[in-house]
Structure formats: C-alpha cells, structure tokens
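[1] Predicted model and sequence follow; I will ask about them next.
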Amino acid sequence: MSWQDKAAQALSEVQGVLNSALPDQIETMATPIQKANRIAVYGVGREGLMMKSLAMRLFHLGHDVHVVGDMTTPPIGSGDLLIISAGPGHFSTVAGLVGVAKQDGATTLCVTAEPEAAVPQTVDHVVHLAAQTMANDRTMTTSILPMGSLFEATQFLFFELLILHLRDAMGLSPDQMRANHTNLE
C-alpha cells in the first residue's frame, strides 16, 4: 500500500467517525460549555494532549478554562464543568477526578469511544466518538492507524469543529479569537 493510500485510508476512517458523531455530539458538548462558569479539562497520555488543545481553543474563545494538574488550576464546583477524556471508558485517575468534581457540585462531561463503560456511566454528559482506541486495538482492528490514534485524531478535528460552532454561537470573529492568543512565543 502506498503512502498516499495509507493517508487516504486514515482520512476516510476519521471522516467515518466524524460523520457518525456530527452534528448531535457537537451540541451535546457545546451546551454544557456554554453554561459553565469555569471549565477544567483532563485526559491521560495522547488523549491528554488533545484535551490541552481543546483548552487552548476554549481560552481563545474567552472561556475561563484550565488543565487539571497545572499549578494554576483553581478548584471547581457548582456552575463549573469538568471535561474528561476516557476513550476506552475507564482510567483510574479520570474516575477519581469525576468523583471529586461531582462531590463539589460541578457538572461532568466525558468524551469516549465506549459510552457504556464505567466512567461514562457516572458523568452528566457523554460525547461518543465511535473510534478504535488503544484498549481495543487488538480486538477491533478496523483502523490503519496504530493503537488509539484514530480516537485521538478524531478528537482533534471534532474539537476544532466544536470551536467553530461555539465561535459562531458567541458571535465572535476570527480576529476576536486571535486577540486572546499569547504574545509570549
């Protein structure tokens, strides 16, 4: 298989997952974000990197958003939102954070490929991206991409489409978003 064929296959796989998620899952995620006073995000491994990219874009929109684990992350509680990523449906750290957030009155949202799994069953909102993850790459070998890359690649594009939706809903221009971009690079 040529590199062009591999690229076409990978893009087709991402498009397939996005097609099954759009537009319903965008609104499922947008609504609690629009209602939140403060937002905290968390994910492990490469999913964590996708959550950091989401945090950056939410900040560009003007949201009060933080990455769990950063020294400047404030406490969250009533009126706030914890967005976690759990592609395979369970990570012990994610489960623990959901418990703390719920105990302190925050709303919780999970982005996952396994909506029937343990962690998604405990949150207030579930965003389902039906993609292969590292947890099922040995039994669900539907992707040309290694391990959980299909889920993570789909997350990135899904989050960017979410940002476009939120930007439009907020009536912001691209220049208004850009005004929130750091000048310390």
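    Ah, there it is. Numbering: from 1, shown residues only.
[2] Just the helices from the protein, written as ranges.
    Counting by DSSP state H, the chain has helices at residues 3-21, 24-35, 45-60, 92-103, 149-170, 174-178.
[3] so can I have CSV of those showing distance to Val111?
    Yep, even glycine has a C-beta here, placed from its N, CA and C like the rest. Formatted as CSV, the helices of the chain follow (distance: least, CB to CB, whole Å):
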stretch, distance to Val111
helix 3-21, 10
helix 24-35, 7
helix 45-60, 8
helix 92-103, 11
helix 149-170, 7
helix 174-178, 22
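[4] now this protein, which segments are flagged as low pLDDT?
    Scanning the chain for pLDDT under 70 picks out 135-141.
[5] Now with 90, please.
    In the predicted model of the chain, residues 1, 88, 131-149, 184-185 satisfy pLDDT under 90.
[6] hmm, back to that, any chance of JSON lines for the helices of the chain, columns mean neighbour count and distance to Ala131?
    What follows is the helices of the chain, written out as JSON lines (neighbours: other CB atoms under 10 Å; distance: least, CB to CB, whole Å):
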{"stretch": "helix 3-21", "mean neighbour count": "14", "distance to Ala131": "5"}
{"stretch": "helix 24-35", "mean neighbour count": "16", "distance to Ala131": "12"}
{"stretch": "helix 45-60", "mean neighbour count": "20", "distance to Ala131": "11"}
{"stretch": "helix 92-103", "mean neighbour count": "16", "distance to Ala131": "17"}
{"stretch": "helix 149-170", "mean neighbour count": "19", "distance to Ala131": "4"}
{"stretch": "helix 174-178", "mean neighbour count": "11", "distance to Ala131": "27"}
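[7] Fine by me, thanks again.
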